[in-house]
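**Student:** Just a sequence and a predicted model for now, questions to come.
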Amino acid sequence: MNLIKAENYQDMSRKAANIISAQVIMKPDCVLGLATGSTPIGIYRQLVEWYEKGDLDFSRVSTVNLDEYRGLKHTDPQSYYYFMKQNLFQYINIREKAVFVPDGEEMDAEKACKNHEQAIQDLGGIDFQLLGLGKNGHIGFNEPGAAFEKDTYCVNLADSTIKANARFFGSVDEVPTQAYTMGIRTIMHAKKILVAVNGEGKAQAVREAFFGPVTPQVPGSILQMHPDVTVVADEAALSQLPDVIHK
Ligand code: GLP
């Protein structure tokens, strides 16, 4: 695991965006796995800036998103599809047909998950997956206890995740209780993985995921077994590392 230390959120965003840019430049027709949440917003902003300057071209890139709330339409402002459009897709020259987010509107969970997994297969797999880390150590929506061998599936969200994500909704009651998410196996099949983390609120999750035992109780810990993982974390997120790492 390659750990890159960043000073703060802005620095983390720039460093992570630099790594993604390198991927797009090295392989212009790459398949990027993308994430939502507060963490990647600064990364996407930076990518848009470089695109506008003419430094990046997304015309041959395909993207697959990690997850989506079950029951939300693409046009719902709380959907992850909408988030991606608002924060990245509308500003860059990505082809609409090259963008894949699990279909939250498809209530047949088996079908929605199969379709997403098929889309990834048809693209030839994920070259580069961007991940955030949940406060409880989740990746995508793989909550503590999730089986490591799962492909895209329908998950019941943990109460703590519903509470954490309520900030994006009017109230906690409006947060969907289920989501479609790439499973741990789907994520682990990505050739390269980049995890971005910031803030003190993630310090415990960082410590447990990257410096503790590999266990389904901390889904992100499985990333220790991946051959090509880079973690970009700011100082606050690294504030609870075991003593031995500081020295
Ligand atoms: C959400 C998403 C994850 C994201 C995580 C952290 O629930 N499903 O993909 O990485 O929680 O979110 P944030 O970046 O807002 O802290």
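**Tutor:** Looks like it arrived, so ask away.

**Student:** When you work out contacts or count neighbours from here on, use the C-alpha atoms and nothing else.
**Tutor:** Will do.

**Student:** Could you list the residues of the chain in contact with the ligand?
**Tutor:** Residues of the chain lying near the ligand by C-alpha under 6 Å from any ligand atom: Ala35, Thr36, Gly37, Ser38, Thr39, Leu131, Gly132, Leu133, Gly134, Ile139, Gly140, Phe141.

**Student:** Which of the residues you listed are buried? Put it as a ChimeraX command.
**Tutor:** Entered in ChimeraX, the line below selects the buried ones among the residues of the chain next to the ligand, by 16 or more other C-alpha atoms under 10 Å:
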select :35,36,37,39,131,132,133,134,139,140,141
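
**Student:** Show me where this structure has its helices.
**Tutor:** Here the chain has its helices, by DSSP state H, at 9-26, 41-52, 80-87, 109-122, 159-165, 184-188, 203-211, 243-246.

**Student:** Setting the sequence-adjacent residues aside, check what's closest to Asn31.
**Tutor:** For residue 31 the amino acid is Val, not Asn. With C-alpha to C-alpha, 6 or more residues apart in numbering as the criterion, Val31 has its nearest non-adjacent residue at 4.8 Å, and that residue is Ser62.

**Student:** one step back: the residues of the chain next to the ligand into TSV, with extra columns for distance to Ala190?
**Tutor:** Putting the residues of the chain next to the ligand into TSV (distance: C-alpha to C-alpha, whole Å) gives the following:
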residue	distance to Ala190
Ala35	14
Thr36	17
Gly37	20
Ser38	22
Thr39	20
Leu131	11
Gly132	15
Leu133	17
Gly134	19
Ile139	14
Gly140	13
Phe141	16
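
**Student:** where in this protein is pLDDT low?
**Tutor:** Within the chain, the segments meeting pLDDT under 70 span 244-247.

**Student:** Correct me if wrong: Leu32 contacts Leu66.
**Tutor:** No: Leu32 lies out of contact with Leu66 (C-alpha atoms under 8 Å); the separation is 10.4 Å.

**Student:** who's more crowded, those two?
**Tutor:** Taking other C-alpha atoms under 10 Å, Leu32 and Leu66 do not tie; Leu66 has more neighbours (27 against 24).

**Student:** what's that one in contact with, if anything?
**Tutor:** Neighbour list for Leu66: Gly33, Leu34, Ala35, Val101, Pro102, Gly140, Thr181, Met182 [criterion: C-alpha atoms under 8 Å, 6 or more residues apart in numbering].

**Student:** and the gap between the third one and Lys27?
**Tutor:** If I follow you right, that is Ala35. 20 Å (C-alpha to C-alpha, to the nearest Å).

**Student:** The fourth one now?
**Tutor:** In this structure, Val101 lies at 21 Å from Lys27, with C-alpha to C-alpha as the measure.

**Student:** more crowded one of those two?
**Tutor:** A direct count of neighbours by other C-alpha under 10 Å for Val101 and Lys27 places Val101 higher, at 23 against 13.

**Student:** For stretch 226-239, give me every contacting residue.
**Tutor:** Outside stretch 226-239, the residues within contact range by C-alpha under 8 Å, 6+ apart are 1-9, 11-12, 15-16, 188, 191-204, 206-207, 223.

**Student:** Just the buried ones out of those, please.
**Tutor:** 5-6, 9, 11-12, 15-16, 188, 192-200, 202-204, 206-207, 223.

**Student:** Could you list the residues in contact with stretch 196-205?
**Tutor:** 8-9, 12-13, 16, 39-40, 130-137, 206, 218, 231-241.

**Student:** Can you tell me how far Met1 is from Ser239?
**Tutor:** 18 Å.

**Student:** Let me see the contact set for Leu123.
**Tutor:** Val31, Ser62.
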